[in-house]
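# Need a 3D model of the following:
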Amino acid sequence: MTATYTAAQVAELMGVSEWVIYECVRRAQRGEDAGPIGTMAIRVGRRLVWPRAAIQRLLVVEEQQ
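Below you'll find the model as predicted:
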């Protein structure tokens, strides 16, 4: 098991399309409100990944609300 998720994996977990995930990242890069998904992204070369632990914490918070 890796310590990160890909955009496709995050999209599946969040129940949205990959386009939405990448749009959050673009908004964060422009300094706009992008939510936690946009600001959690880590660029590794040309790829974007998200820390698995942070995404899992976010999902737990969403389930509790």
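# Okay, helices next: where are they in this structure?
7-14, 18-29, 35-40, 52-64 (DSSP state H).
# what does the shortest one contact?
Okay, so that is helix 35-40. 10, 14, 21, 24-29, 50-51, 54-55, 58 (Cβ atoms under 8 Å, 6 or more residues apart in numbering). Yep, even glycine has a C-beta here, placed from its N, CA and C like the rest.
# Output the helices of the chain in TSV; the columns should cover mean pLDDT and distance to residue 46.
Output for the helices of the chain, formatted as TSV (pLDDT from 0 to 100; distance: least, Cβ to Cβ, whole Å):
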stretch	mean pLDDT	distance to residue 46
helix 7-14	96	12
helix 18-29	96	13
helix 35-40	91	18
helix 52-64	84	20
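# Emit the PyMOL select command for whichever of the contacts of helix 35-40 are buried.
If you want just the buried ones from those in PyMOL, going by 16 or more other Cβ atoms under 10 Å, the selection is:
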select buried, resi 10+14+21+24+25+27+28+50+54+55+58
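# Could you dump the helices of the chain into CSV with distance to residue 1 added?
Shown next, in CSV, are the helices of the chain (distance: least, Cβ to Cβ, whole Å):
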stretch, distance to residue 1
helix 7-14, 12
helix 18-29, 20
helix 35-40, 18
helix 52-64, 8
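# hang on, the earlier thing: can I get the contacts of helix 35-40 in JSON lines including distance to residue 4?
Below are the contacts of helix 35-40 laid out as JSON lines (distance: Cβ to Cβ, whole Å):
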{"residue": "10", "distance to residue 4": "10"}
{"residue": "14", "distance to residue 4": "15"}
{"residue": "21", "distance to residue 4": "13"}
{"residue": "24", "distance to residue 4": "16"}
{"residue": "25", "distance to residue 4": "14"}
{"residue": "26", "distance to residue 4": "19"}
{"residue": "27", "distance to residue 4": "21"}
{"residue": "28", "distance to residue 4": "17"}
{"residue": "29", "distance to residue 4": "19"}
{"residue": "50", "distance to residue 4": "6"}
{"residue": "51", "distance to residue 4": "6"}
{"residue": "54", "distance to residue 4": "10"}
{"residue": "55", "distance to residue 4": "9"}
{"residue": "58", "distance to residue 4": "14"}
